[in-house]
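[1] got a sequence here, can you build the structure:
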Amino acid sequence: MSNNVKLALKFNLNGAYLPSFNTDTKHLNYKIKSNFLLIGSAHNLREIRIKETQKVSQIFISSLFKLEKNYLGFYKFVNLSKLSKSKIVALGGISKKNLNRLSLLKIAGYAGIGIFD
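    Predicted structure coming up:
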């Protein structure tokens, strides 16, 4: 469920996703079961700190390789990921060409669309 923790809990789902623009912390007042997975995305240090405040278990940091408006690049990604104690997942522009570079990162995983096409 994206951007609605209360609804995810109501329907007894396994988790919820909080996008980078969501800064709300109301969900911290809800009774959340232990196996409920709360994940979020971030593009900069400010958003990472917000996701940590929201108590997400994993943070998707983007965009690692894909040249978009929020493009970080490899070295900025490494520096940002070092600033968080949360599990980090790489997102954006991951392909078979640059898959080897992911082994250089201390990440919990990676996600993307192009790699699975």
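[2] quick one, helices of this protein?
    For the chain, helices defined by DSSP state H occupy the ranges 5-10, 45-53, 74-82.
[3] now those helices in JSON lines, with distance to K26?
    To be clear about C-beta, it is placed using only N, CA and C from the backbone, and glycine gets the same treatment. Listed next are those as JSON lines, based on distance: least, CB to CB, whole Å:
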{"stretch": "helix 5-10", "distance to K26": "8"}
{"stretch": "helix 45-53", "distance to K26": "12"}
{"stretch": "helix 74-82", "distance to K26": "26"}
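[4] can you put those helices in a markdown table and add distance to A16 and mean pLDDT?
    Listed next are the helices of the chain as a markdown table, based on distance: least, CB to CB, whole Å; pLDDT from 0 to 100:
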| stretch | distance to A16 | mean pLDDT |
| --- | --- | --- |
| helix 5-10 | 4 | 94 |
| helix 45-53 | 13 | 97 |
| helix 74-82 | 22 | 92 |
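[5] quick one, strands of the chain?
    For the chain, the strands defined by DSSP state E cover 15-18, 37-42, 58-62, 87-91, 109-111.
[6] what angle separates the third one from strand 87-91?
    Orientation note: strand 58-62 sits at an angle of 30 degrees relative to strand 87-91 (axes from the mean of the first three to the mean of the last three CA atoms, to 10 degrees).
[7] coming back round to it: out of the strands of the chain, which one sits most buried?
    strand 58-62 (a mean of 24; mean count of other CB atoms under 10 Å).
[8] what helices and strands are in contact with that one?
    With contacts taken as 3 or more CB pairs under 8 Å, 6 or more residues apart in numbering; DSSP states H and E, strand 58-62 sits against strand 37-42, helix 45-53, helix 74-82, strand 87-91.
[9] that older thread, TSV for the strands of the chain, including distance to A8?
    Listed next are these as TSV, based on distance: least, CB to CB, whole Å:
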stretch	distance to A8
strand 15-18	4
strand 37-42	9
strand 58-62	15
strand 87-91	19
strand 109-111	19
